[in-house]
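[1] coords please:
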Amino acid sequence: MSESHRSATTVTPIRAVASIMVGVLAAPDASAFAIPQKLARWRRLTPLATWAPIELAELSHAGIFYGVAAALDRFAMVPRHLILLGEGPVARSALELVLPGALPCGGIVFIDVFYGALPFRIVPTATAIRLVVHQNGSQRSPDTLTGALRAADLDARIINLNTAGDCATGAAASAAATIGRQARDGAGNR
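    Sure, this is the predicted structure:
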């Protein structure tokens with residue numbers, strides 16, 4: 001092959017942008033949290049991410065595994081490019097899967113997770129952890145859970161909100177956008 005032909009056919013690889021999927025965990029009772037209108041607004045915050053509800057048939061650990069695996073297959077995503085977003089009991093159940101490494105993902109953003117002690121020892125993980133907490137007096141003290149997260153030296157942040165309403169969903173979307181940028185740029189993939 002001539003030198004001029006070789007240089008004309010050589011293509012410089014372009015760095016592909018890694019896709020990020022934000023999987024919104026939807027409990028069987030179909031909380032208002034996963035309303036499609038909210039997903040549309042959140043998509044504008046992270047236009048390079050795929051926002052998709054992960055509808056769970058049941059709230060059990062098996063139900064969460066099945067729902068997440070089905071979503072990853074449906075969108076042809078790898079776990080390290082998945083950010084899980086959830087609230088309340090479904091978030092707590094998912095947290096109990098992610099922290100010991102049973103459910104790999106790039107990050108989690110959970111709202112109003114029940115704070116009781118975890119039933120296991122937290123091990124190091126590359127998963128970015130963001131917890132959004134309403135400080136309205138009805139929550140139990142977060143010391144047990146946040147203390148355990150801090151002692152484990154994880155990439156964990158607690159976002160305390162003193163108001164109710166849509167602020168939590170906005171904070172969650174912002175946290176998901178930050179984790180998405182980290183995962184896309186490779187900062188969160190150790």
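
[2] residues of the helix or strand harbouring Ser93 that come out buried?
    Here Ser93 sits within helix 88-98, counting by DSSP states H and E. Using 16 or more other C-beta atoms under 10 Å as the test for burial, helix 88-98 gives Gly88, Val90, Ala91, Arg92, Ser93, Ala94, Leu95, Glu96, Leu97, Val98. Every residue, glycine included, has its C-beta placed from N, CA and C.

[3] and what of stretch 98-117?
    Buried residues in stretch 98-117 (16+ other C-beta under 10 Å): 98-99, 103, 105-113, 115.

[4] check stretch 145-165 too.
    Leu145, Thr146, Ala148, Leu149, Leu154, Asp155, Ala156, Arg157, Ile159, Leu161.

[5] ok, so of those, who is nearest Glu58?
    Ranked by distance to Glu58 (C-beta to C-beta), the buried residues of stretch 145-165 are led by Leu145 at 23.9 Å.

[6] just checking, that closest one touches Leu118?
    Yes - contact status for Leu145 versus Leu118: in contact at 6.9 Å, counting by C-beta atoms under 8 Å.

[7] got the CA coordinates for the one helix or strand Ile54 maps to in CSV?
    Using DSSP H and E, Ile54 sits in strand 49-55. Extracted in CSV, the C-alpha atoms of strand 49-55 (Å, rounded to 0.1, in the frame of the first residue of the first chain):
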residue,chain,number,x,y,z
ALA,A,49,-28.2,10.7,30.2
THR,A,50,-31.0,8.2,29.5
TRP,A,51,-33.7,8.7,32.2
ALA,A,52,-35.8,5.6,32.6
PRO,A,53,-38.3,4.4,35.2
ILE,A,54,-37.4,1.0,36.6
GLU,A,55,-40.8,-0.4,37.5
